[in-house]
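>>> Got a sequence here, can you model it:
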Amino acid sequence: VPGGNTVEGVREMLRARDRGELLRGEADFQRHVIYLWYEQNYEEALRLLEGLQAAYPHNPLFPQSVAELQNVYRHDHPASLDAWRVLLALAQQKKVSMPEMSEARARMGIAVELDVLGETDAAIEALRELVASKPTAPYGIAASHSIVSAPPTIASARGAWRWRPTRPRRWPGGSSAAAP
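This next block holds a predicted model:
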């Protein structure tokens with residue numbers, strides 16, 4: 001761990017988890033970060049996230065983190081897709097906090113994984129469903145706007161959507177340019 005002793009730092013986190021009342025979950029969450037970033041121990045990080053998901057079933061961060069770990073660190077796109085689908089089901093059943101935001105995030109994750117897996121038509125359909133739902137969270141109108149106006153690889157793969165800058169934007173410094 002930068003600026004410290006890894007062995008002693010992990011030992012302190014384990015002590016907080018085992019003996020603490022308020023920091024048990026936080027200790028495991030921070031340990032998962034250490035396992036990902038510094039130890040490259042993805043299996044242990046995944047095990048910790050799955051334990052947090054079981055201990056805090058209403059927290060959407062944990063299924064989302066599992067999906068992201070499967071994608072980014074393990075490159076296991078089917079497992080990532082499954083994790084996004086779990087989050088979507090939990091959100092639709094209102095079994096997680098912030099269900100609308102969680103549903104929108106899960107739909108985006110599902111679309112990305114479907115595209116990576118070569119299921120472009122299903123990915124496009126997932127994005128259309130997201131746009132049609134007009135989510136107010138996590139990004140509100142900006143989310144639906146960015147999905148439609150951004151040049152995603154999904155759209156370019158089949159030409160299903162045509163990307164056009166929708167309006168000029170003001171960039172820092174006052175210059176005006178077409179939306180990227």
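
>>> Please report the distance of the residue minimising distance to the centre of the chain from residue 124.
Centroid-nearest residue in the chain, with C-alpha atoms, centre = their mean: residue 64, separated by 4.7 Å. Distance check for residue 64 against residue 124: by C-beta to C-beta, to the nearest Å, it reads 22 Å. Every C-beta, even on glycine, is put in place using the N, C-alpha and C of the backbone.

>>> Residue 62 now?
Taken as C-beta to C-beta, the span from residue 62 to residue 124 is 29 Å.

>>> okay, the two: which has more neighbours?
More crowded of residue 62 and residue 124, by other C-beta atoms under 10 Å: residue 62, with 25 against 20.

>>> Pull the contacting residues for that one.
Contacts of residue 62 were listed using C-beta atoms under 8 Å, 6 or more residues apart in numbering, and they are 49, 52, 53, 56.

>>> again with residue 75
If you count contacts by C-beta under 8 Å, 6+ apart, then residue 75 has nothing around it.

>>> tell me which element it falls in.
Using DSSP states H and E, residue 75 sits within no helix or strand.

>>> Now residue 53. Nearest residue, chain neighbours left out?
Distance criterion C-beta to C-beta, 6 or more residues apart in numbering; nearest residue to residue 53, sequence neighbours excluded, is residue 62 at 3.9 Å.

>>> tell me the mean pLDDT over stretch 108-123?
Stretch 108-123 comes out with an average pLDDT of 95.

>>> Residue 84 looks like it's in a helix, true?
Yes - according to DSSP: H, G, I helix; E, B strand; the rest coil, residue 84 belongs to a helix.

>>> Now for it, how many residues are close by?
Residues near residue 84, counting by other C-beta under 10 Å: 28.

>>> quick one on the thing from earlier: off-centre distance for the host helix or strand of the residue nearest to residue 53?
Residue 62 belongs to helix 61-72 when assigned by DSSP H and E. Computed by C-alpha atoms, centre = their mean, to the nearest Å, the chain-centroid distance of helix 61-72 equals 6 Å.

>>> buried sites along it?
Within helix 61-72, the residues that qualify as buried are 61, 62, 63, 64, 65, 66, 67, 68, 69, 70, 71, counting by 16 or more other C-beta atoms under 10 Å.

>>> Would you mind finding the longest helix in this structure?
Ranked by residue count under DSSP state H, the longest helix found in the chain is helix 99-116.

>>> quick revisit: and the residue nearest to the centre of the chain, what does it touch?
Contacts of residue 64 (C-beta under 8 Å, 6+ apart): 83, 87, 102, 105, 106, 109.
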